[in-house]
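**Student:** Sequence and predicted structure below; questions after.
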Amino acid sequence: MEIEFKSKLNELFVFRELLSTDEVLLGNFFCSLSESTRLKFEPHPLTREQAAIICTSIGKDNTKRFVITKSSEIIGYLILDFNPFENELERYKKYGIKIDHRVDPVFAPCIADKYQNQGIASKAMKFIVKFAKGKKLKSIVLMGGTQQKNVLARSFYKKFEFEEYGEFYTAHNGLNNIDMKLNL
C-alpha cells in the first residue's frame, strides 16, 4: 500500500508500510527529532539501534508500522501494535472497558518537528482509520494516552472522535496523561 497526498503547503508525501530496507531512513528520522518531540513519543527508544531492531522484526512482532515519506526521507512514523499491554488493559478495565489486543490495538504516531502542524498527521490518521476499519478492528487505543497538558494533541485526537476516558500519572516522566480511544 502506497498512498500519495499533499500537505497544506502543497508538498507531496507518501504514506506506506515500513519496509525492512528502511533501517537507515528510520534511524535518521529518530535522530532528527527534537527533545520536545521525543518526550511525547514513548513506545520505544528513538535510536539508530532501535531502527535496526524494528526493521529486522517486520512481520515477526505482531505490529504494523507505517511511515510518511517525502522524497527519500521519513518524516512520520506510526505504530499499530497488536500485542497485549498489561498497563493499558488494567487502566481500561477500571473504566469498565475490556480491551482485546487482537481487535483493539494501541496506536502511537510521531511526525518530524519541521512537518508538524501542516495537516500531515491528519491525512495519515485518515489512512490509519481506513486501514483499521478494513481489518474490522473494534477500536484504536492511544498508547500511553496523551499528556494531559498537550492540548494540541488532545484536540487533534478529539477531531477524529477519540474519547477521553480518564487521567493517570506516569512516574517515569512525572506527568499526568489522559487515556484516549477511538471506537470504530
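**Tutor:** Looks like it came in fine.

**Student:** Please make it C-alpha for all contacts and neighbour counts, starting now.
**Tutor:** Will do.

**Student:** now the helices for the protein?
**Tutor:** 23-32, 35-40, 48-56, 86-94, 120-134, 151-159 (DSSP state H).

**Student:** out of these, nearest to Gly166?
**Tutor:** Closest to Gly166 of the helices of the chain, according to Cα to Cα: helix 86-94, at 8.6 Å.

**Student:** Of all the residues in that closest one, which ones are buried?
**Tutor:** Going by neighbour count (16 or more other Cα atoms under 10 Å), the buried part of helix 86-94 is 88, 91-92.

**Student:** Find the nearest non-adjacent residue to Met180, please.
**Tutor:** Nearest residue to Met180, sequence neighbours excluded (Cα to Cα, 6 or more residues apart in numbering): Glu164, at 4.5 Å.

**Student:** if we can go back for a sec, include mean pLDDT when you put the helices of the chain into JSON lines, please.
**Tutor:** Shown next, in JSON lines, are the helices of the chain (pLDDT from 0 to 100):
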{"stretch": "helix 23-32", "mean pLDDT": "97"}
{"stretch": "helix 35-40", "mean pLDDT": "84"}
{"stretch": "helix 48-56", "mean pLDDT": "96"}
{"stretch": "helix 86-94", "mean pLDDT": "94"}
{"stretch": "helix 120-134", "mean pLDDT": "96"}
{"stretch": "helix 151-159", "mean pLDDT": "94"}
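
**Student:** okay, those, which one's buried deepest?
**Tutor:** Mean neighbours per residue, mean count of other Cα atoms under 10 Å, is largest over the helices of the chain for helix 23-32, with a mean of 19.

**Student:** Let's see that helix as CSV, backbone CA atoms only.
**Tutor:** Output of helix 23-32 as CSV, limited to C-alpha atoms (Å, rounded to 0.1, in the frame of the first residue of the first chain):
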residue,chain,number,x,y,z
GLU,A,23,16.6,1.0,8.6
VAL,A,24,18.9,3.9,7.7
LEU,A,25,16.0,6.2,6.9
LEU,A,26,14.2,5.3,10.1
GLY,A,27,17.4,5.8,12.1
ASN,A,28,17.9,9.2,10.5
PHE,A,29,14.3,10.1,11.4
PHE,A,30,14.7,9.1,15.0
CYS,A,31,17.9,11.0,15.4
SER,A,32,16.4,14.2,13.8
